[in-house]
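K.L.:
Mind looking at a prediction? Sequence and model below.
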Amino acid sequence: MNAAYSLRNRLSLYLGLGVTALWFVGVVFSGYVIRHELDEAFDSALQETAQRLLPLAVIDILDHEAGLPTRLIGSLAPHKEFLTYLVRDQHGKIVLQSHDADPDNFPKLPKTGFSKTATHRIYTESAVSSTLFIEVAEPLAHRREGTMESTLSLVIPLFLCLPFSFIVVWLLVRRSMVPLMHLRTEIETRGAGNLSPVSGDRLPEEIGPIAFAVNQLMGRLQRSLLAERSFAANSAHELRTPIAGALAQTQRLLTTLPSGDVQDRVQRIEQALQRLTRISEKLMQLARAEGGTLITETKTDLLPILKHVVAEFRRDTDQGDRITFSLQESCTLSSRMDGDAFGILMRNLIENALKHSPADSMIEINCPESGEVRVINAGPVIAPEPLQDLTKPFARGSSMAEGSGLGLAIAIAIAEGAGASLKILSPASNCSDGFEVQLRLLDEASEIT
């Protein structure tokens with residue numbers, strides 16, 4: 001499997017590198033343009049210098065007698081001379097030269113127009129019927145220096161701004177990815193029972209089809225779950241009727257039979273039918289917990305449901321006096337868990353506590369804070385590994401009490417489907433023994449959207 005990567009970071013990196021590469025291409029292209037423009041400007045300066053100096057040099061030469069040695073034009077003040085020149089005749093004899101001119105930098109014989117040596121760019125102009133020539137030379141290093149400095153003026157800001165460019169690109173990409181992050185969060189925070197459509201508002205056109213496809217998938221899944229739930233409900237109805245009929249006939253038969261072996265067998269049949277009734281009821285609850293919709297569109301106050309379930313156990317069971325119920329005054333149980341599912345969950349937890357604790361012990365149900373319910377019963381400490389196995393369907397541990405082993409599995413399935421958490425402890429909190437189940441409902445921070 002390929003390792004996961006961050007699309008945001010990868011886009012930021014690629015965009016940053018792309019901007020940098022384009023900037024470098026722009027700098028190189030600008031360098032060529034600057035060099036071309038500087039060459040034109042320097043060539044124009046060479047030509048202008050030669051054309052302005054040539055008439056003055058001719059007049060000066062004609063005013064002096066022929067045959068005089070080469071005259072050197074001195075400078076008024078020390079300075080770096082980029083343009084040097086020579087005045088020569090058609091035979092290459094130097095008649096006049098600037099003070100920094102080096103004859104070795106010029107060709108042996110003058111030739112009009114532009115020319116280039118290994119170190120200089122030269123422009124030559126002629127006068128007096130091509131008997132006198134002026135050659136103005138400029139070092140190529142001077143031109144390269146000008147090109148390099150101009151190019152560096154573009155490159156240096158690039159290196160200074162490059163880190164900021166990556167930061168800006170990352171921030172822009174991060175801002176552009178906000179709708180996608182919202183969509184991901186909305187999908188991640190959904191529990192198994194929440195199949196409502198995800199919001200596709202303000203999604204870019206590239207991501208909109210993904211949200212649409214997810215909604216279509218969830219719609220098909222919801223229809224499948226509804227069909228499964230309908231089948232489970234119909235099956236429960238169809239099973240209850242014949243089982244109830246068989247149980248009623250068996251109980252009537254018991255009233256007519258004399259004491260003896262046959263009556264004992266019929267009593268065992270009655271017990272088996274009663275157990276089958278309980279198992280079918282638990283299986284229907286488990287099917288609903290694993291396949292039904294356990295989250296409502298709006299939040300519901302579940303505290304009245306909890307009070308009703310506790311009162312029902314106290315009223316309809318012979319062990320109701322074992323149940324104690326305490327509630328903090330400020331405690332609330334507001335959640336989007338389906339009320340019927342919450343009732344099934346609490347009935348299974350309370351029934352499990354009554355069955356698997358000593359007959360003379362008390363069952364404590366309390367709400368120490370908002371969004372939390374705890375069910376605590378007495379009993380020996382259960383080791384961590386067997387404690388984890390109790391969450392599996394039909395797991396009963398070492399208990400000899402009657403039951404199907406589905407109570408905790410149903411409670412956990414409902415809690416997970418509704419996005420709640422159910423924690424099992426043994427020993428109970430602040431105790432040396434006992435068994436405790438902590439149910440934590442969704443709060444505002446983690447509410448499924």
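P.N.:
Thanks, I have it. If you're wondering where the values come from, they're calculated on a predicted model, not measured in any experiment. Numbers count the residues shown, from 1 in each chain.

K.L.:
now the spatially closest residue to E125 that is not a sequence neighbour, what's its secondary structure?
P.N.:
Of all residues not flanking E125 in the chain, A50 sits nearest, at 4.4 Å (C-beta to C-beta, 6 or more residues apart in numbering). The way it works is simple: take the backbone N, C-alpha and C, and place the C-beta from them, glycine included. The three-state assignment at A50 reads helix, by DSSP: H, G, I helix; E, B strand; the rest coil.

K.L.:
tally of neighbours for A50?
P.N.:
Applying other C-beta atoms under 10 Å, we find 21 residues neighbouring A50.

K.L.:
per-residue confidence at it?
P.N.:
Predicted confidence (pLDDT) for A50: 88.

K.L.:
for V136, same thing?
P.N.:
91.

K.L.:
Now do the same contact list for it.
P.N.:
Going by C-beta atoms under 8 Å, 6 or more residues apart in numbering, V136 touches L46, T49, A50, L53, L83, T84, Y85, I122, Y123, T124.

K.L.:
T119 against H142, yeah?
P.N.:
No. Contact between T119 and H142 fails when scored by C-beta atoms under 8 Å: they sit 10.4 Å apart.

K.L.:
So which of those two has more stuff around it?
P.N.:
Using other C-beta under 10 Å as the criterion, T119 and H142 rank with H142 on top: 16 against 12.

K.L.:
residues contacting the nearest residue to the more buried one once chain neighbours are set aside?
P.N.:
Once flanking residues are discounted, H142 sits nearest to F82: 5.2 Å by C-beta to C-beta, 6+ apart. F82 sits next to E138, P139, H142 when contact means C-beta under 8 Å, 6+ apart.

K.L.:
what mean pLDDT does the helix or strand harbouring G219 have?
P.N.:
In the assignment (DSSP states H and E), G219 maps to helix 208-256. For helix 208-256, mean pLDDT is 77.

K.L.:
Does anything pack onto that helix? Which helices or strands?
P.N.:
helix 178-188, helix 261-291 (3 or more C-beta pairs under 8 Å, 6 or more residues apart in numbering; DSSP states H and E).

K.L.:
Please work out which of those helices is packed deepest.
P.N.:
helix 261-291 (a mean of 16; mean count of other C-beta atoms under 10 Å).

K.L.:
which element follows that helix toward the C-terminus?
P.N.:
According to DSSP H and E, the helix or strand after helix 261-291 is strand 295-301.

K.L.:
Can I get that next one as PDB, trimmed to CA atoms?
P.N.:
What follows is strand 295-301, C-alpha atoms only, in PDB (Å, rounded to 0.1, in the frame of the first residue of the first chain):
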ATOM      1  CA  ILE A 295     -29.200   9.400  15.500                       C
ATOM      2  CA  THR A 296     -32.000  11.900  15.100                       C
ATOM      3  CA  GLU A 297     -31.900  15.200  13.200                       C
ATOM      4  CA  THR A 298     -32.400  17.200  16.400                       C
ATOM      5  CA  LYS A 299     -31.100  16.900  20.000                       C
ATOM      6  CA  THR A 300     -33.400  15.200  22.500                       C
ATOM      7  CA  ASP A 301     -33.400  15.300  26.300                       C
END
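
K.L.:
picking up where we left off before, can you put the contacts of F82 in a markdown table and add secondary structure and distance to S330?
P.N.:
Below are the contacts of F82 laid out as a markdown table (DSSP: H, G, I helix; E, B strand; the rest coil; distance: C-beta to C-beta, whole Å):
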| residue | secondary structure | distance to S330 |
| --- | --- | --- |
| E138 | strand | 91 |
| P139 | strand | 89 |
| H142 | helix | 86 |
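
K.L.:
Make TSV from those residues and add distance to Q328 to it.
P.N.:
Formatted as TSV, those follow (distance: C-beta to C-beta, whole Å):
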residue	distance to Q328
E138	93
P139	92
H142	88
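
K.L.:
Could I get the full set of strands for this protein?
P.N.:
Here the chain has its strands, by DSSP state E, at 71-73, 84-89, 94-98, 113-116, 120-127, 132-139, 295-301, 323-327, 334-337, 363-367, 372-377, 421-425, 435-440.

K.L.:
JSON lines please, covering those strands and showing distance to R10.
P.N.:
Shown next, in JSON lines, are the strands of the chain (distance: least, C-beta to C-beta, whole Å):
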{"stretch": "strand 71-73", "distance to R10": "67"}
{"stretch": "strand 84-89", "distance to R10": "58"}
{"stretch": "strand 94-98", "distance to R10": "62"}
{"stretch": "strand 113-116", "distance to R10": "50"}
{"stretch": "strand 120-127", "distance to R10": "50"}
{"stretch": "strand 132-139", "distance to R10": "49"}
{"stretch": "strand 295-301", "distance to R10": "35"}
{"stretch": "strand 323-327", "distance to R10": "52"}
{"stretch": "strand 334-337", "distance to R10": "36"}
{"stretch": "strand 363-367", "distance to R10": "48"}
{"stretch": "strand 372-377", "distance to R10": "42"}
{"stretch": "strand 421-425", "distance to R10": "35"}
{"stretch": "strand 435-440", "distance to R10": "37"}
